[in-house]
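S.K.: Next comes the sequence, and after it the predicted model I'd like to discuss.
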Amino acid sequence: MAAVDGGEVDHLAGERATAHFDVDAMKVAWAGSRHAVEVNDRMARLVASDPVFRKDTRTMLSRKELFKDTLKKAAHAWKRIVELRLTEEEANLLRLYVDQPGYVDLHWGMFVPAIKGQGTEEQQKKWVPMAYKFQIIGCYAQTELGHGSNVQGLETTATFDPNTDEFVVHSPTLTSSKWWPGGLGKASTHAVVYARLITQGKDYGIHGFIVQLRSLDDHSPLPGITLGDIGGKFGSGAYNSMDNGVLRFDHVRIPRDQMLMRLSQVTREGKYVHSDVPKQLLYGTMVYVRQTIVADASKALSRAVCIAVRYSAIRKQFGSQAGGPETQVLNYKTQQSRLFPLLASAYAYRFVGEWLKWLYTDVMQKLEAKDYSTLPEAHACTAGLKSVTTSATADAIEECRKLCGGHGYLNSSGLPELFAVYVPACTYEGDNVVLLLQVARFLMKTVSQLASGKQPVGTTAYMGNIQYLMQCKSAVNTAGDWLNPAAIKEVFEARALRMAVNCAQNISKAPSQEEGFSELSPDLLESAVAHVQLIIVTKFFEKLQQDIIGHGVKEQLQNLCNIYALFLLHKHLGDFLSTGCITPKQGALANEQLGRLYAQVRPNAVALVDAFDYTDHYLSSVLGRYDGDVYPALYAEAWKDPLNETVIPDGYQEHLRPLLKQQLKFSRL
Ligand SMILES: CC/C=C\C/C=C\C/C=C\C/C=C\CC/C=C/C(=O)SCCNC(=O)CCNC(=O)[C@H](O)C(C)(C)COP(=O)(O)OP(=O)(O)OC[C@H]1O[C@@H](n2cnc3c(N)ncnc32)[C@H](O)[C@@H]1OP(=O)(O)O
Ligand SMILES: Cc1cc2nc3c(=O)[nH]c(=O)nc-3n(C[C@H](O)[C@H](O)[C@H](O)COP(=O)(O)OP(=O)(O)OC[C@H]3O[C@@H](n4cnc5c(N)ncnc54)[C@H](O)[C@@H]3O)c2cc1C
């Protein structure tokens, strides 16, 4: 059943009738299983039907009201989770559909995973049950005023005092103030704090510590701790529901056993002991969250695309001949060429997110068995995919706003808030440029190892085919040839490899590896993007090899996959041409094929966004309503604005009336 929260007439029924595929089966392909469709649907409706979770006036609330509303929603969500005895899967979905960033995201998303990943079994036994029962609320306090990207540059210290068996946590400078952690400002009672571990006079670098921040009796900050919110952020509503915070320590003492000791330990005597594991495992929580951010990208993008597609089918402009109907803006080829690649990207990110989740689980199992060989690839894949999908999604949400014309600029379209809430994903959990440079570093290492005969594996396996890929020429002759997955894969592999090899060759000409890397960094970014795009295209093709059930579903996904790949080829034509992977003629044929694919998507567009199965509550957009009844909703929404509470505005007497009644003493006329 479609996701309508109300409404009698389906203005999009005609659009829905033209679909060439089974929408319910597509919902299963999108969600991953019939069970996933059912549980998503149930949790989304539970939230949509509960008045506490209303959010239609959220952008009009003051910061204080918004924060209090967030606390209320979080507490109510928890109450429902307990009352209904929801499973962890159901609870996570319920929170997702509540759709208001808040301290709970960091509590469940980073604090608990950090303890699980970096705490000993004993520490997990002590802290995780308290966190699971919300007897404590936690956040992830890593970033400081002076350093975010450069984790090794953090300044907070945790100095071991063997006399008392404690660490003394201290903020030695203003720039060492913790700055940004979500949930820290007002809600958290505890934090996982990252600080330089100093023992026996030696600095052992960054380690994690559990620190209590606030009293569990009255919530006041504990002695030696200064806490607050860092202030308002971009946009109305949006991420302002989150209390991103500042934290300073003045020689705060914590017991030794609150150092997270799974990877390394400090003994009672103060001896530092590092287990036989890569020290990068300290960054494990970030790898975990980056992986979830890729899945979130498809969620945010599909949401924006759903709004833009539905509204484009309703909105009409021009084309009226002698009183005849005007043209739906979705019929304009320009609208299609801007919108359908975003629709295809939403599906592409959904499937690559699914794959990344699998990769992450696989790597975790290997780590448990002390096999660390796949760690570098896991880091490169999570960093690269986080970077590429979030940057493209942020741009796409803004493009969807423009695709909705003037009405897209209204808060009631849902798009400004979605953009404002989403765009920091390009920065948090690792600035996207910094992360792409990590991918580039991994690629340069892989290329340098090719010479020694080491066979690359996993997502870099294609590089092993270097002899062929460095000189192959695409055999595409007609536009239709671009529908062959092998033809697409070959040019994406050749482009990625040639760009990486070019960078490696140019770096080798520099006085040092470091200087070369720095000088070439803009090219290295593009090389990393080419590699990541190849991963996304490949994973989409692999998805198509799986058993996909339902009338017409596979055909639609094939079209979307081809659109995604050929759109990238068109957008990055310069890369493909300059590396000699294709000729200008082949580039033009790809574009010709793209146009044909858009025509095939057109009758299916509304049904393809219906398959996301979003409720009107979750979409939170008068333009994206399931029933397409846009104009009455837009009109009604305007009257909810506080400015319309009175006919004569506040300020009229002081500032408008005197102006209008002034006696002109001079005139230019
Ligand atoms: C209306 C809308 C409603 C709802 C929305 C709801 C909610 C919103 C949802 C979610 C919000 C979620 C999250 C927001 C919270 C954000 C939290 C944060 O931001 S936490 C802070 C994150 N900080 C970072 O990411 C910092 C980035 N920096 C780094 O990771 C490192 O400093 C960096 C990797 C850049 C460099 O590290 P460094 O130690 O200096 O290493 P170096 O470059 O020298 O590399 C050494 C060696 O290590 C390898 N390596 C690096 N990192 C990793 C890793 N993670 N895993 C494995 N290996 C790693 C690196 O490749 C290198 O290897 P080689 O020596 O080359 O082999
Ligand atoms: C909404 C939001 C929520 C957050 N939540 C948390 C949280 O819960 N916990 C937490 O600990 N942190 C959190 N953060 C902090 C976040 O992780 C950092 O802001 C992020 O890692 C970027 O670091 P930075 O701010 O130091 O940026 P900077 O590194 O100062 O970036 C500034 C510019 O410098 C460039 N740059 C930096 N280094 C390099 C380089 N080596 N090469 C080339 N260019 C470079 C960047 O690309 C960027 O353009 C949050 C941030 C935001 C915005």
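M.R.: Now that the structure is in, tell me what you want to look at. Ligands and ions are numbered 1, 2, ... in the order given.
S.K.: name the helices or strands packed onto the helix ranked longest in the chain?
M.R.: Counting by DSSP state H, the longest helix found in the chain is helix 333-368. Using 3 or more Cβ pairs under 8 Å, 6 or more residues apart in numbering; DSSP states H and E, the elements in contact with helix 333-368 are helix 284-314, helix 375-403, helix 521-545, helix 553-571, helix 584-601, helix 605-610. Quick note: C-beta positions are derived from backbone N, CA and C, even for glycine.
S.K.: May I see those organised as JSON lines, with mean neighbour count and mean pLDDT added?
M.R.: Shown next, in JSON lines, are the helices and strands packed on helix 333-368 (neighbours: other Cβ atoms under 10 Å; pLDDT from 0 to 100):
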{"stretch": "helix 284-314", "mean neighbour count": "25", "mean pLDDT": "97"}
{"stretch": "helix 375-403", "mean neighbour count": "24", "mean pLDDT": "98"}
{"stretch": "helix 521-545", "mean neighbour count": "21", "mean pLDDT": "98"}
{"stretch": "helix 553-571", "mean neighbour count": "22", "mean pLDDT": "98"}
{"stretch": "helix 584-601", "mean neighbour count": "18", "mean pLDDT": "98"}
{"stretch": "helix 605-610", "mean neighbour count": "25", "mean pLDDT": "98"}
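S.K.: of those helices, which approaches Ala29 most closely?
M.R.: Nearest of the helices and strands packed on helix 333-368 to Ala29, taken as Cβ to Cβ: helix 553-571 at 5.5 Å.
S.K.: Just checking the distance from the closest one to the centre of its chain.
M.R.: 22 Å (Cα atoms, centre = their mean, to the nearest Å).
S.K.: got the contact list for that helix?
M.R.: 20-22, 25-26, 29, 340-341, 343-345, 347-348, 482-483, 488, 491-492, 533, 536-537, 540-541, 543-544, 548, 576, 582, 587, 590-591, 593-594, 597-598, 600-601, 604, 608 (Cβ atoms under 8 Å, 6 or more residues apart in numbering).
S.K.: Next one, pLDDT for the closest residue to ligand 1 within the stretch 551-669 of the chain please.
M.R.: Using Cβ to the nearest ligand atom, the single residue of the stretch 551-669 of the chain nearest to ligand 1 is Ser620, 7.9 Å away. With respect to pLDDT, Ser620 scores 97.
S.K.: what about the nearest residue to Leu343 once chain neighbours are set aside, distance to ligand 1?
M.R.: Spatial nearest neighbour of Leu343, excluding adjacent residues (Cβ to Cβ, 6 or more residues apart in numbering): Val305 at 5.1 Å. Remark: distance between Val305 and ligand 1 (Cβ to the nearest ligand atom, to the nearest Å) = 16 Å.
S.K.: residues in contact with Val305?
M.R.: If you count contacts by Cβ under 8 Å, 6+ apart, then Val305 has Leu339, Leu342, Leu343, Ala346, Ala396, Cys400, Val609 around it.
S.K.: can you name the two of these that are farthest apart?
M.R.: Ala396 and Val609, at 13.5 Å, using Cβ to Cβ across the contacts of Val305.
S.K.: what's near enough to touch the nearest residue to Leu634 once chain neighbours are set aside?
M.R.: Spatial nearest neighbour of Leu634, chain neighbours left out: Val622 (5.1 Å); criterion: Cβ to Cβ, 6+ apart. By Cβ under 8 Å, 6+ apart, the contact set of Val622 is Leu410, Ser412, Ser413, Gly414, Val630, Ala633, Leu634, Glu637.
S.K.: Tell me the buried residues within those.
M.R.: Leu410, Ser412, Ser413, Gly414, Val630, Ala633, Leu634, Glu637 (16 or more other Cβ atoms under 10 Å).
S.K.: and those residues as CSV, adding distance to ligand 2?
M.R.: As requested, the buried ones among the contacts of Val622 are exported to CSV (distance: Cβ to the nearest ligand atom, whole Å):
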residue, distance to ligand 2
Leu410, 24
Ser412, 24
Ser413, 22
Gly414, 19
Val630, 31
Ala633, 30
Leu634, 30
Glu637, 27
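S.K.: if we can go back for a sec, from Gly102, how far off is the residue of the stretch 551-669 of the chain closest to ligand 1?
M.R.: 16 Å (Cβ to Cβ, to the nearest Å).
S.K.: What parts of the stretch 251-400 of the chain come near ligand 1?
M.R.: The stretch 251-400 of the chain comes close to ligand 1 at residues Gln280, Tyr283, Met286, Val287, Val289, Leu375, Pro376, His379, as judged by Cβ under 6 Å from any ligand atom.
S.K.: Helices of the stretch 101-250 of the chain, residue ranges please.
M.R.: Along the stretch 101-250 of the chain, counting by DSSP state H, counting those that start in this stretch, helices occupy 103-106, 112-118, 121-132.
S.K.: per-residue pLDDT, the residue of the chain found nearest ligand 2?
M.R.: Using Cβ to the nearest ligand atom, Gly148 is the residue of the chain that sits closest to ligand 2, at 2.4 Å. Gly148 is assigned 98 on the pLDDT scale.
S.K.: right, and it touches Glu429 too?
M.R.: No - Gly148 is not in contact with Glu429 according to Cβ atoms under 8 Å; the separation is 10.4 Å.
S.K.: Name the residue in those two with the higher neighbour count.
M.R.: Neighbours were counted for Gly148 and for Glu429 using other Cβ atoms under 10 Å; Glu429 has more, 25 against 18.
S.K.: Pretty sure the more buried one sits in a strand.
M.R.: No - going by DSSP: H, G, I helix; E, B strand; the rest coil, the assignment for Glu429 is coil, not a strand.
S.K.: hang on, it packs against Ser387?
M.R.: No - assessed by Cβ under 8 Å, Glu429 is found out of contact with Ser387, at 9.9 Å.
S.K.: rewinding a little: and ligand 1, which of the helices of the stretch 101-250 of the chain is closest to it?
M.R.: Of the helices of the stretch 101-250 of the chain, nearest to ligand 1 by Cβ to the nearest ligand atom is helix 103-106, at 4.4 Å.
S.K.: which residues sit against that closest one?
M.R.: Surrounding helix 103-106, the residues in contact under the criterion Cβ under 8 Å, 6+ apart are 70, 74, 77-78, 95, 137-140, 181-183, 186-188, 242-243.
S.K.: now stretch 283-298
M.R.: Contacts for stretch 283-298 (Cβ under 8 Å, 6+ apart): 109-110, 113-114, 117-118, 140, 151, 192, 346-347, 349-350, 352-354, 356-357, 360, 378-379, 382-383, 385-386, 389-390, 392-393, 425, 429-430, 435.
S.K.: next one: stretch 209-222
M.R.: For stretch 209-222, contacts defined as Cβ under 8 Å, 6+ apart pick out 115, 119, 123, 127, 135-136, 141, 158, 167, 169, 184, 188-195, 225, 227, 247, 249, 252, 254, 258-260.
S.K.: is ligand 2 contacted by it?
M.R.: No - judged by Cβ under 6 Å from any ligand atom, stretch 209-222 stays clear of ligand 2, getting no closer than 13.5 Å.
S.K.: Nearest to Ala48 among the buried ones among the contacts of Val622?
M.R.: When these are ranked by distance to Ala48 (Cβ to Cβ), Gly414 comes first, at 14.3 Å.
S.K.: Surely the closest one touches Ile307?
M.R.: Yes - look at Gly414 against Ile307 with Cβ under 8 Å: they come within range, at 6.0 Å.
S.K.: Quick check: neighbours shared by those two?
M.R.: Shared contacts of Gly414 and Ile307, counting by Cβ under 8 Å, 6+ apart, come down to Leu619, Ser621, Leu623, Gly624.
S.K.: Check these one by one and keep those near ligand 2.
M.R.: Counting by Cβ under 6 Å from any ligand atom, no member of the shared contacts of Gly414 and Ile307 reaches ligand 2.
S.K.: Which pair of the residues you listed spans the longest distance?
M.R.: Leu619 and Leu623, at 9.0 Å, using Cβ to Cβ across those.
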